[in-house]
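1. Fold the stuff below for me.
(chains A, B and C)
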Amino acid sequence: MPELPDVEVYRRRLSAHGLHKKIGKVAVTDARILDRVSAAALARRLTGRQFTAAERRGKHLLARLDKGGWVTMHFGMSGDLLFHDDPEKAPPYTCVRLDFGRGAHLSYTSRRKLGRLGVADDADEFIARQRLGPDALDRSFDAAALKKALGGTTRGIKAALMDQSVLAGIGNIFSDEILFQARIDPRKPVPKLDPAELKRLHGAMRRVLQEAVRRGAGSETFLEHLPSSWLLPQRRKGGKCPRGHGALKTFKLGARTGYYCPRCQR
DNA sequence: TTAAGTGTTGCTCT
DNA sequence: AAGAGCAACACTTA
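-> Residues are numbered from 1 along each chain as shown, chains lettered A, B, ... in the order given. Sure thing, here's the model as predicted:
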C-alpha cells in the first residue's frame, strides 16, 4: 500500500506521539523484515534511546535517535505504523514493537513481509544507498526540477514517475491519479511531453499528494471520502471515467496494472 | 480447489 | 546501460 501520502501520515503520527519518549523495550516478533541488522543489535541500538525527529524521503520514514543514528522504515506493499496503549494488543502482522512505557506502544506491521526496518548512521548516506531521487513533495521540487529529474529518459511517463531514483514517493496507485488529473496518457514517452503538459503534471502531482495526505491516506475510509472527480474510487474492474467518458482502460507495466481514460488522457 | 492478482523493490537479463 | 521481467511474500478473489 504505502506510497508517499501514506508514509507522510505515519510520519506525522510518529512525530505527534513518538518523540522524546524513552524506549524501554524492543520486541522483534518477525525478524524477516529487518534490514541488515539482527534483532539483538536493533534492541541494543534502541533500548534507552528516544526519537527526536521523524522525517520522510519518498516512501521511506526515518526516525532520528538521540545520541546519533536513525531508524529507517519502508513498508513494501503492505504495512502500517500504529500506536496502541496495551502491549498485548499489537495489531495483526506486527513485526517490531517498541515500548515507550506505560500505555505507549508503537507497532511496525508488514503483512506480506516486503517492508524493511533498519538502522542507519547517516540519513544522507542511507538516501544515497537507496538511490532515492528528490522527494515528490519537497518544497524545492518545482516544475523545473521535475523537468530536470525526468530529463534523459525515453520511457513512458508512468514508468518514469514510479522510478524512485527519478523522484521519490510515487507508486502505481498515485501515478494513475496524478496522470488522470493532468490528463496525460500514462504510456506517453517523456520526451513527447510539451511544456504545458509538464506544468500540468507538476501541479497535479502536488495537489493529489497533498490532498491525499490531508484526507488521511491509508485509512479504511480513504477511498470513500475522495472527491468524485478523482480516479481512485473508480480504479477497479468495471470502473468509469469520473468525467463521464465511460469505461476505464487498463494496461500492464511489468506485473502492475495501470488504469486510465483513453478519451481524456492523451 | 487452484491459480492469479496485489498500493514495492531489487536482481537478472537483454 | 537503460529498461523490461520476475522473484520475494502472504493474503484475497475468481
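
2. which residues touch A:A41?
-> A:V119 (Cβ atoms under 8 Å, 6 or more residues apart in numbering). No exception for glycine: its C-beta is placed from N, CA and C like everyone else's.

3. What helix or strand is it located in?
-> Take DSSP states H and E as the rule and A:A41 turns out to sit in helix A:39-46.

4. where along the stretch 1-150 of chain A do the strands fall?
-> Taking DSSP state E, counting those that start in this stretch, the strands of the stretch 1-150 of chain A run over residues A:25-28, A:51-57, A:60-65, A:70-74, A:80-84, A:94-101, A:104-109, A:116-120.

5. Next, format those as CSV and append distance to A:G244 and mean neighbour count.
-> As requested, the strands of the stretch 1-150 of chain A are exported to CSV (distance: least, Cβ to Cβ, whole Å; neighbours: other Cβ atoms under 10 Å):
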stretch, distance to A:G244, mean neighbour count
strand A:25-28, 51, 17
strand A:51-57, 36, 19
strand A:60-65, 39, 21
strand A:70-74, 39, 23
strand A:80-84, 35, 19
strand A:94-101, 44, 20
strand A:104-109, 39, 22
strand A:116-120, 42, 20
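
6. closest one to A:V9 among the ones you listed?
-> Of all the strands of the stretch 1-150 of chain A, it is strand A:80-84 that lies closest to A:V9, at 8.9 Å by Cβ to Cβ.

7. Off-centre distance for the closest one?
-> 16 Å (Cα atoms, centre = their mean, to the nearest Å).

8. List the neighbouring strands of that strand plus their orientation.
-> strand A:104-109 (antiparallel) (DSSP bridges).

9. Give me the angle between the partner strand and strand A:116-120.
-> Taking axes from the mean of the first three to the mean of the last three Cα atoms, to 10 degrees, one finds that strand A:104-109 is oriented at 120 degrees with respect to strand A:116-120.

10. Could you list the contact residues of chain A toward DNA strand B?
-> Contact residues, chain A versus DNA strand B (Cβ under 7 Å from any atom of the strand): A:1-3, A:6, A:58-59, A:74, A:76-77, A:112, A:114, A:130-131, A:162, A:164, A:171-173, A:217-218, A:222, A:254-257.

11. give me that answer again for 6 Å
-> A:1, A:3, A:6, A:59, A:76-77, A:114, A:130, A:164, A:171-173, A:217-218, A:255-257 (Cβ under 6 Å from any atom of the strand).

12. Buried subset of the residues you listed, written for PyMOL?
-> Buried members of these, defined by 16 or more other Cβ atoms under 10 Å, are picked up in PyMOL with:
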select buried, chain A and resi 1+3+6+59+76+130+164+171+172+173+217+218
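
13. What degree of burial does A:F222 show, as a neighbour count?
-> Residues within reach of A:F222, counting by other Cβ atoms under 10 Å, total 17.

14. Next, please give the residue ranges for the strands of the stretch 151-266 of chain A.
-> A:249-253, A:256-260.

15. Buried residues, the helix holding A:A41. List them.
-> A:42-43, A:45-46.

16. now swap in stretch A:255-266 and tell me
-> By neighbour count on 16+ other Cβ under 10 Å, the buried set for stretch A:255-266 is A:258-261, A:265.
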